[in-house]
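*Asks:* pasting the structure only:
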């Protein structure tokens, strides 16, 4: 527990209304999407960057742990105070859209702004912010940057890191720094922004984000390809992209997911024979370009065995095609009471062999492993379905299967996480992906920013 | 001077044929494009990554300075042994194209491979590597990554950092690390590759680079817009891009450059009345898209005062339009005997006011300052022309003008360097762009990677 005199000092910085240590608040800020719970010692709502600086300077001097938090929607415990300390919640006050610079196509935001609010605001003026994590309705841009969030549109447009031009941030010692500029090119000094992205709140507190925007694409259309097998669908993914297709998204549903959707949502008319489905959008600045994109996809899909290629005629049909993908996650719950969900990522050409191996590992342990996700960028959500979560042996086997899947995926040149980060929940697997030399370098980097280890400590296996 | 026993040990690693300390070699490796000279103590040509590791491990233990070097084409002294030490030359042996992975659209190279050799190889199989620094014919990809090289195509396609997926590198202690993967998404661990890019060889020796490729655009066409003034041309830059134009390049020539070109190359038919010219290419996967791009440019250019909009009918005409831009640099030498050339970069909307202020600073000191460059991404080559380089007072004034220009540009939200880096030559200006807190962070990062300060020390003002 933190000494009352420390809380009093922090109260003198932010005011009584912006620090809470009553049980209700501690509970409200103790969770994230992992459903693990760690109660903080207090929750502080800084009003602005100077508050953040004053708090960090004090906590650094007194070795008090600070855990930054956006919406708490993370899947790996990044925002959990797993070692105690104070939650620094950025969503109450530091949540403003500061500027949309039309002339340079740039947006400037505070970290607590919700992703979707930003998307809507920039689209209203004809601009476009591509990163669209599944949590876009509630996750914050600060959280998105800290986890380097992806999303469905990554296949064409890349991920959060591809849009961060500059950050303002507060170092653990209270120093305020600017990393990057509102320029396309900038090679002066180390690329500090580059390392703050995806650092999971362990290096600095981000206080302002400058994001690149692009003109909003004028035309969009939804397509779906139905394949006889997972293997043919996965092959069509990388073959169609190598053939020049450039869809906004190319999402994937496997046979188990399709079966679950047909069972749980009988109104969805998915073909019974489908072994794999690819669904997504294409966009462009002209209708001719849309047609050309769809033609490329159709030819490549059919060359690799697609039995159907459907193009949505209107918004209504588009929604129908997307319904299956959007409901894939809840549908999988027909297979068990607990889903061990990992977001592995592989080079796209390895998708067929990756899925094949993942299913075999599932079989070995007796699990069904429905898979779906962002095939267009090689990022697959793998769901090891535990039938009875109260069965200790089965849960243990589930975790063994996950570890084996990680090892298999890394051996294929893949990664532990395409989107969710490491946090606490994947920390035990870091040794699979990184050598001791690499972990030592991570620890040195952490120490360079945070010598007293006060900022979100012990995350990422550090 | 390095003790002979150290050179003997390094010889035992690489073999006699791969270490040189005769005068001819020391002179051959003492220069770069800054024309400053620093002789190294020896030049070593590692054969492979293990050599690099063995050399660094030994030099780290014995505190011997190592300076990595590609082609030595840098403009800011990054590859110069300004504090003595051993040149580690990567161009002799570690210069192979290791793989073109068609299925994932990825290239894997050693650092000594020449940029243009790589471009040609990937274009032969229908792929495309966009970063095209002016030095592309001779600069190495390792150097490009270390300086985060840009080029003309940055307006549409971004710069080197946007194409680096993964790096292998050797840390000063000899540890070999892998940073990044051949996947679109990867959020496991710190983004070490992100900070190695643009680190100017001060953090690690890059031994292998995995680069993202894209399908080669099928169609390309060259355009030129002629404007009555620099101001109208600079305004047309950001207005046309904000209107949705997406040219591969949008290069700029100012009135002084146009005058110089007309005088030095009478065969170039540039309009006498031209106050500013924009020239570039558009590319696309269809001819319709090319037409639509050109139409958007034409409308926006004319709305901001363009008196002519020329489209090249064929390759021959394209070459003619590009001739002026390609010869801008030599042409400016009509204005003096010494060019103080800086590559500042600003947010695009600041281009008109940036140019205006730069000319005024030139006037104040009595210099003509012809400007040209990559207007499409806000990166301008500013040339303070010294009439008599042997006139000490004039040279001193030239440097004062440069410092004033840097301050002015940074105040506009711009940077000291869009492409060239900091090295030794811009190190004295780092205080203009960075606070003491930011410099301290850079020093901490340097120390995290290189605690004994053996790797390209004292560069970048560190």
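*Replies:* Yes, it's here. Keep in mind it's a predicted model, so treat the numbers as computed, not measured.

*Asks:* near chain B, anything from stretch A:97-116?
*Replies:* Yes. Against chain B, stretch A:97-116 shows contacts by C-beta under 8 Å from any C-beta of the partner chain at A:101, A:102, A:103, A:104, A:105, A:106. Bear in mind the C-beta positions are built from the backbone N, C-alpha and C, glycine included.

*Asks:* list phi and psi for the last one.
*Replies:* The one in question is residue A:106. phi -140, psi 140 (degrees, to the nearest 10).

*Asks:* the second one now?
*Replies:* Here the main-chain torsion angles of residue A:102 (degrees, to the nearest 10) amount to phi -60, psi -40.

*Asks:* any of the residues of stretch A:97-116 next to chain B buried? List them.
*Replies:* The neighbour-count test (16 or more other C-beta atoms under 10 Å in any protein chain shown) marks A:101, A:102, A:104, A:105, A:106 as buried among those.

*Asks:* check what pLDDT the third one gets.
*Replies:* It refers to residue A:104. Model confidence at residue A:104, given as pLDDT, is 96.

*Asks:* and the closest residue to it other than its chain neighbours, how many neighbours?
*Replies:* Computed as C-beta to C-beta, 6 or more residues apart in numbering or on different chains, the closest residue to residue A:104 that is not its neighbour in sequence is residue B:347, at 4.6 Å. Residue crowding around residue B:347 was assessed by other C-beta atoms under 10 Å in any protein chain shown; the count is 23.

*Asks:* quick check, pLDDT for residue B:347.
*Replies:* For residue B:347, the predicted pLDDT is 97.

*Asks:* would you confirm that it contacts residue B:378?
*Replies:* Yes. Contact criterion C-beta atoms under 8 Å: residue B:347 and residue B:378 qualify, at 6.0 Å.

*Asks:* need the residues touching each of the two.
*Replies:* A:183, B:414 (C-beta atoms under 8 Å, 6 or more residues apart in numbering or on different chains).

*Asks:* what does the spatially closest residue to residue A:152 that is not a sequence neighbour show for phi and psi?
*Replies:* Setting aside the residues directly before and after it, residue A:152 is nearest to residue A:249 in space (C-beta to C-beta, 6+ apart), at 4.0 Å. Main-chain torsions, residue A:249, degrees, to the nearest 10: phi -140, psi 150.

*Asks:* now residue A:249: how far from chain B?
*Replies:* 12 Å (C-beta to the nearest C-beta, to the nearest Å).

*Asks:* so who does that residue touch?
*Replies:* Residue A:249 neighbours (C-beta under 8 Å, 6+ apart): A:152, A:153, A:155, A:156, A:279, A:280, A:281, A:374, A:376.

*Asks:* quick check: the farthest pair among the residues you listed?
*Replies:* Of all pairs drawn from the contacts of residue A:249, the greatest distance, 14.6 Å, lies between A:156 and A:279 (C-beta to C-beta).

*Asks:* more neighbours, those two?
*Replies:* residue A:279 (26 against 21).

*Asks:* now the more buried one, what's its secondary structure?
*Replies:* strand (DSSP: H, G, I helix; E, B strand; the rest coil).

*Asks:* so which helix or strand takes in the nearest residue to it once chain neighbours are set aside?
*Replies:* Excluding the flanking residues, the one nearest residue A:279 by C-beta to C-beta, 6+ apart is residue A:224, at 4.5 Å. Here residue A:224 sits within strand A:219-227, counting by DSSP states H and E.

*Asks:* check whether the lengthiest helix in chain A comes near chain B.
*Replies:* Taking DSSP state H as the criterion, chain A has its longest helix at helix A:392-411. No. Using C-beta under 8 Å from any C-beta, we find that helix A:392-411 stays clear of chain B, coming within 9.0 Å at best.

*Asks:* and that helix, what other elements does it pack with?
*Replies:* strand A:338-345, helix A:351-365, strand A:379-386, helix A:430-433 (3 or more C-beta pairs under 8 Å, 6 or more residues apart in numbering or on different chains; DSSP states H and E).

*Asks:* show me the contacts for the nearest residue to residue A:399 once chain neighbours are set aside.
*Replies:* Leaving aside its chain neighbours, residue A:399 sits nearest to residue A:340 (7.1 Å; criterion: C-beta to C-beta, 6+ apart). Residue A:340 makes contact with A:383, A:384, A:385, A:386, A:398, A:399, A:401, A:402, according to C-beta under 8 Å, 6+ apart.

*Asks:* on that earlier part again, nearest to residue A:90 among the residues of stretch A:97-116 next to chain B?
*Replies:* residue A:106 (21.0 Å).

*Asks:* report the beta-bridge partners for the closest residue to residue A:311 other than its chain neighbours.
*Replies:* Leaving out its chain neighbours, the residue that sits closest to residue A:311 by C-beta to C-beta, 6+ apart is residue A:223, at 5.5 Å. On the basis of DSSP bridges, residue A:223 is bridged to residue A:280, residue A:311.

*Asks:* quickly note the distance from residue A:223 to residue A:258.
*Replies:* Remark: distance between residue A:223 and residue A:258 (C-beta to C-beta, to the nearest Å) = 17 Å.

*Asks:* out of the helices and strands packed on helix A:392-411, which is the most enclosed?
*Replies:* Most buried of these, by mean neighbour count (mean count of other C-beta atoms under 10 Å in any protein chain shown): strand A:379-386, with a mean of 25.

*Asks:* identify the residues contacting residue A:317.
*Replies:* residue A:222.

*Asks:* what of residue A:380?
*Replies:* A:252, A:343-346, A:351, A:354-355, A:371-374, A:418.

*Asks:* again, only this time at 7 Å
*Replies:* Going by C-beta atoms under 7 Å, 6 or more residues apart in numbering or on different chains, residue A:380 touches A:344, A:371, A:373.

*Asks:* just residue A:37 next, same as before
*Replies:* A:30, A:31.

*Asks:* how near is it to residue A:255?
*Replies:* For residue A:37 relative to residue A:255 (C-beta to C-beta), the value is 36 Å.

*Asks:* same deal with residue A:320?
*Replies:* 20 Å.

*Asks:* of these two, who's got more company?
*Replies:* Each of residue A:320 and residue A:255 has its neighbours counted (other C-beta under 10 Å); residue A:255 has more, 20 against 16.

*Asks:* spatially nearest residue to that one, not counting backbone neighbours?
*Replies:* residue A:275 (4.9 Å).
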